[in-house]
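J.: model the following, please.
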Amino acid sequence: MNRPATRDIELSVELDASPEDVFRAVTDGTELAKWLAPEARSTAPEGGKKGSIWISWGEGMSAEHEIEIFDAPKRVRHPSGKNRETMAPLYADWSIEAREGGKATLRLVHSGFSVGADWDDEFDAHARGWKLMLQNLRQYFARHAHEPAVHLPFMSKAESPRGSLWKTLLGKLGVSAPPKGGDQFRFTTPKGDVLTGVVDFITETHDLALVVREYDDALLRFTLAGKADAQSTFVYGYVIVYGAERARAREFLAAGSSAMSH
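T.: Numbers count the residues shown, from 1 in each chain. Next up is the predicted model:
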């Protein structure tokens, strides 16, 4: 039998960081929690025993994988999910290349996704997610390199179609549709607090990423999931707060997530 054809997500980002720092960012649990997921742990290979990475986005959304390639500071490869059609592992393969001026290019190949229209939504959701996470990583190295961080998620289900909810969110933030990177936003919370800053990443009707001035350029992210014709939408969002502003992380979470309240 011929194995079903598969396709890969291939992305790259140039980072203001050394290869060693970038390698730690994709392999060290404390560093992973600064851009990828609210909780992460890792163990490096030792004495012939494979290392592992555990990542969690919340209850029921965690996974642990053995590291299959660990070549510091150049490459790391490990399973990252499973193809529901073939039941074969998907793989995240990170490679790092030094650039002039103390910079580095990080490349990701997330491989093994099925081909065909039935699988487009899954493929696209992963691609969008990775693009957003890499933007988080770019912001971390550009503004908060080596600073400690607090990463807090929020989740809700809105009884509203995704497109309608998207327009409501943009309206609350004072952002014109279609939004673009660099757009200014201003949001007054139900408590009267004001958040301002810029849009730094966007995928139309799905993902909106903001940099918030009042919390020293902390990150506020919204992802709206669900089919366009569905009458309800799952909202996953989070804040990542760095340095001294970590003490205000829960305050920021409450303020930011209120943009999704009715």
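J.: so where do the helices sit in the protein?
T.: 19-27, 29-32, 120-143, 162-173, 249-257 (DSSP state H).
J.: so where's this protein shaky on pLDDT?
T.: For the chain, the stretches with pLDDT under 70 are 1-4, 262.
J.: kindly recompute the last result at 50.
T.: In the prediction, the chain carries residues with pLDDT under 50 at positions 1.
J.: residue 207 versus the residue nearest the centre of it, what's the distance?
T.: Nearest to the geometric centre of the chain sits residue 133, at 2.9 Å (CA atoms, centre = their mean). According to CB to CB, to the nearest Å, residue 133 stands 11 Å off from residue 207. C-beta: built from backbone N, CA, C; applies to glycine.
J.: what does residue 96 give?
T.: 25 Å.
J.: compare neighbour counts for those two and give me the winner.
T.: A count of neighbours by other CB atoms under 10 Å puts residue 96 above the other of residue 96 and residue 207, at 24 against 20.
J.: tell me the bridge partners for the closest residue to residue 155 other than its chain neighbours.
T.: Nearest residue to residue 155, sequence neighbours excluded (CB to CB, 6 or more residues apart in numbering): residue 236, at 5.5 Å. As for beta bridges, residue 236 partners with residue 155, residue 223 under DSSP bridges.
J.: equivalent analysis for the one 4 residues further on, please.
T.: Using DSSP bridges, the bridge partners assigned to residue 240 are residue 151, residue 219.
J.: contacting residues for it?
T.: 34-35, 136, 140, 149-151, 218-219, 221 (CB atoms under 8 Å, 6 or more residues apart in numbering).
J.: can the residues you listed go into TSV with extra columns for distance to residue 258 and neighbour count?
T.: TSV is the format used below for these (distance: CB to CB, whole Å; neighbours: other CB atoms under 10 Å):
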residue	distance to residue 258	neighbour count
34	24	26
35	24	24
136	21	19
140	25	23
149	22	20
150	18	21
151	19	23
218	15	28
219	17	30
221	15	22
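J.: return the distance of stretch 37-54 from the chain's centre.
T.: 20 Å (CA atoms, centre = their mean, to the nearest Å).
J.: end to end on it, go ahead and measure it.
T.: Stretch 37-54 has an end-to-end distance of 10 Å (CA to CA, to the nearest Å).
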